[in-house]
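> Got a predicted structure plus its sequence, pasted below:
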Amino acid sequence: MAVQTQDIAVESCEHVVKFYEDDTELVATVGPYLATAAREDEVAIVIASETHRRAFEAHLEAQGSDVLKATASGRFFSRDAATTMAAFITDGKIDHDAFHEVIGGLVREASESGRPVRAYGEMVALLWDAGDVLQAIELEILWNDLAGELPFSLFCSYPAASVSGSEHAEALHRVCHLHSSVLRSSAESDRRDAANGEVKSEVMAEFPADPQSPGRARRLVVRTLGERGHNGAPVENIALVVSELATNAVLHAGSSFSIRLRLASGMLRIAVEDSSPLSVMEVEDGLIVHPGHGLGVIDAICTRWGAENMPGGGKVIWAELPYESEITEASDQLSV
């Protein structure tokens, strides 16, 4: 299945990370994120390799953006990742003051017009690929510090192959924790679905155990569907289910959580996984027999729903809603 363009719905001051399988998937994800800056009268900053910058600019041009004009007017800033990083790294160590001067100066310049700023960067990925994992984590922290001083959204990415392996598990956990949400590649599941002759679309994102995470998850889903032209009662129901399940994960399980939305044959399945196993709820054949108040709301609007413990610990609570109309026809394009 070909990789389709994927809209990344990122609010101001959010820091999102994407783990991608190949450059095709990366461009299909970052391109629309940058194109949104032009569409919504924002300023875009790109700090990436020359190859990726050219690919992003080609995508923008194909979408009708005049990159040269945007650059001249201070609406588009493009910088080489390695060169930019060299300006604040001395003897292999990040100079915090230099980072705030170089990167902070760039963000301040982009903010001078008063427009919202959205940035994309892959300097952290260069550090990780070079084996300097601790410096990559330190750079993520510095980005967050800067976001505490200046309002901007940040989207960064890592090649999935670079962060795979048990030796990276602890460091990868720290990286994920430093982001407001984590977007995983769905390429593997897409290939599996194609091999089975199924047409499905999958949305997957991860969030920390933070009181703001349910709201972020809800906005991510609503804005993504809205950018595809989908609004009204069906989207409101989906948002309600996402909000209820995410809130349960944070408040009752005290856990980080992942959300997976999958569309197939006119039925949307929402699954929220957290690290707390089922204990209080009585489960019979995968269905919750005595749902609580919040889950009762889900019971009222969903066709079916239930829960299951995961082999490695934790649980998944899932719900299914019928979801027809044009989104079924364009199901392979639905993605955060």
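Perfect, I can see it now.
> what about stretch 31-40, distance to the chain center?
On the basis of C-alpha atoms, centre = their mean, to the nearest Å, stretch 31-40 sits 15 Å off its chain's mean C-alpha point.
> same check, this time on stretch 72-82
23 Å.
> Give the buried residues for it.
Arg75, Phe76, Phe77, Ser78, Arg79, Ala81 (16 or more other C-beta atoms under 10 Å). Quick note: C-beta positions are derived from backbone N, CA and C, even for glycine.
> What's the end-to-end length of it?
This stretch, stretch 72-82, spans 23 Å end to end (C-alpha to C-alpha, to the nearest Å).
> still on that earlier bit, out of the buried residues of stretch 72-82, list just those in helices.
With DSSP state H as the criterion, helices contain Ala81 from among these.
> Which of the buried residues of stretch 72-82 sits closest to Arg262?
Ala81 (33.8 Å; C-beta to C-beta).
> so what's that closest one scoring on pLDDT?
Listed pLDDT for Ala81 reads 97.
> Where does pLDDT dip in the stretch 101-250 of the chain?
With pLDDT under 70 as the threshold, the stretch 101-250 of the chain has low-confidence stretches at 184-203, 224, 226-232.
> and with 90 instead?
Counting by pLDDT under 90, the stretch 101-250 of the chain shows low-confidence ranges at 160-241, 243-244, 248-250.
> Share the number of residues neighbouring the nearest residue to Ser78 once chain neighbours are set aside, please.
Here the nearest residue to Ser78 in space, its sequence neighbours aside, is Val46; by C-beta to C-beta, 6 or more residues apart in numbering that works out to 4.8 Å. Taking other C-beta atoms under 10 Å as the criterion, the count of residues near Val46 is 23.
> cool, Ser153 as well?
Once other C-beta under 10 Å is used to define contacts, Ser153 is seen to have 24 neighbours.
> right, and the helix or strand after the helix or strand where Glu140 lies?
Element membership for Glu140 (DSSP states H and E) is helix 133-147. Toward the C-terminal end, the helix or strand that comes next after helix 133-147 (DSSP H and E) is strand 153-159.
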